[in-house]
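Participant: here's a sequence, model it:
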Amino acid sequence: MFLRRPISTFTGDYLEKIEKLKQEIETADAIVIGAGAGLSASAGMSYSGERFEKNFADFQEKYGIQDMYSGGFYPYDTLEEYWAWWSRHILINRYEVGVGKPYRDLLELVKKKDYFVLTTNVDHQFQMAGFDKERLFYTQGDYGLWQCSKPCHQKTYDNEKTVRQMVLQQKEMKIPTELIPKCPVCGAPMTMNLRVDGTFVEDEGWHAAAGRYNEFIRQHKEEKVLFLELGVGANTPGIIKYPFWKMTAENPKAVYACVNYGEAFCPGEIEKRSICLNMDIQKFLEDIL
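Facilitator: Predicted coordinates for the structure are as follows:
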């Protein structure tokens with residue numbers, strides 16, 4: 001068990017930390033990247049403020065929704081409204097968002113290393129930036145995939161074509177009824193392939209990626225590993241943060257690095273083998289490159 005004594009700031013100059021982390025990247029046998037929502041936020045992909053108001057002012061006015069995250073959980077009266085919301089959300093965060101600079105910079109930083117990415121992000125940014133698909137594990141789903149809402153079977157479906165139709169044809173915050181996606185097996189309504197409850201579908205691709213990640217960890221468990229955590233908050237710490245702490249503590253050759261604006265900390269037990277930077281991720285990547 002870790003002591004409840006977080007180390008939120010370390011002594012030492014910022015440039016010294018950057019140089020130390022650069023050296024750890026260069027000398028690591030393997031790098032395990034853990035990426036959370038903060039990485040996309042650093043690329044300007046905010047779910048609130050001006051970006052939200054520009055795309056969802058009508059939903060904000062009618063329902064009082066204040067951000068894209070909470071809007072995804074709102075109990076809309078009809079599936080026509082539900083998919084009007086989600087089609088816009090998917091379009092601007094998955095298909096028309098472009099590649100964030102922090103993702104391109106991160107690839108430039110690690111592309112010559114033996115790396116693997118574990119992420120809770122569902123916006124497909126890693127693949128869009130050019131990361132090797134075989135080195136990615138999206139644990140929580142993908143905006144570009146649908147699944148049966150029951151679910152009656154463990155399979156996911158690409159949604160881009162229908163999403164674009166939904167956005168083009170919606171009126172007064174509703175899509176045409178005939179565009180509501182139905183499960184091709186049982187006829188039940190489709191839903192997002194996002195982990196929000198026990199109905200999340202872990203399809204063949206999900207299990208294959210999980211297997212590759214676990215094998216990567218097994219192969220390098222006694223080597224010099226850098227666990228590089230970027231923008232991981234407290235929403236689901238059991239997926240990235242806590243395992244990274246545990247694996248660092250168990251491997252005396254391992255180093256833990258955390259870059260997160262406002263949430264850069266680690267347990268006291270691994271302080272001497274940790275580098276925590278309380279700052280914007282994009283600024284960090286620009287500086288280290």
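
Participant: identify the residues contacting the residue nearest to Leu179 when sequence neighbours are not counted.
Facilitator: Closest residue in space to Leu179, ignoring its immediate chain neighbours: Met166 at 5.4 Å, by C-beta to C-beta, 6 or more residues apart in numbering. Heads up, the C-betas are built off the backbone N, CA and C, glycines and all. Met166 makes contact with 83-84, 87, 175, 179, according to C-beta atoms under 8 Å, 6 or more residues apart in numbering.

Participant: same check, this time on Gly38
Facilitator: 230-233, 260-261, 263, 281.

Participant: which among those residues end up buried?
Facilitator: 230-233, 260-261, 263, 281 (16 or more other C-beta atoms under 10 Å).

Participant: let me know the closest of these to Leu106.
Facilitator: Checking these against Leu106 by C-beta to C-beta gives Leu230 as the nearest, at 7.5 Å.

Participant: check what pLDDT that closest one gets.
Facilitator: Leu230 carries a pLDDT value of 98.

Participant: try Arg5
Facilitator: So, for Arg5, pLDDT stands at 42.

Participant: in the contacts of Met166, find the pair that's most separated.
Facilitator: Distances among the contacts of Met166 were taken as C-beta to C-beta; the most separated pair is Ala84 and Leu179, at 9.8 Å.

Participant: what's the longest helix in the protein?
Facilitator: In the chain, assigned by DSSP state H, the helix with the most residues is helix 204-220.

Participant: now that one - C-alpha only, PDB.
Facilitator: Only the C-alpha atoms of helix 204-220 are listed here, as PDB (Å, rounded to 0.1, in the frame of the first residue of the first chain):
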ATOM      1  CA  GLU A 204     -11.900  -8.800 -30.800                       C
ATOM      2  CA  GLY A 205      -9.800  -5.700 -31.500                       C
ATOM      3  CA  TRP A 206     -10.100  -4.600 -27.800                       C
ATOM      4  CA  HIS A 207      -8.900  -8.000 -26.500                       C
ATOM      5  CA  ALA A 208      -6.100  -8.200 -29.100                       C
ATOM      6  CA  ALA A 209      -4.800  -4.700 -28.000                       C
ATOM      7  CA  ALA A 210      -5.100  -5.700 -24.300                       C
ATOM      8  CA  GLY A 211      -3.000  -8.800 -25.000                       C
ATOM      9  CA  ARG A 212      -0.300  -6.900 -26.800                       C
ATOM     10  CA  TYR A 213      -0.100  -4.400 -23.900                       C
ATOM     11  CA  ASN A 214       0.100  -7.100 -21.300                       C
ATOM     12  CA  GLU A 215       2.800  -8.900 -23.300                       C
ATOM     13  CA  PHE A 216       4.800  -5.600 -23.600                       C
ATOM     14  CA  ILE A 217       4.700  -5.100 -19.800                       C
ATOM     15  CA  ARG A 218       5.700  -8.800 -19.200                       C
ATOM     16  CA  GLN A 219       8.600  -8.600 -21.600                       C
ATOM     17  CA  HIS A 220      10.100  -5.400 -20.000                       C
END
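
Participant: buried ones in it?
Facilitator: Those would be 206, 209, 213, 216-217, 220, for helix 204-220 by 16+ other C-beta under 10 Å.

Participant: kind regards, and thank you for your time.
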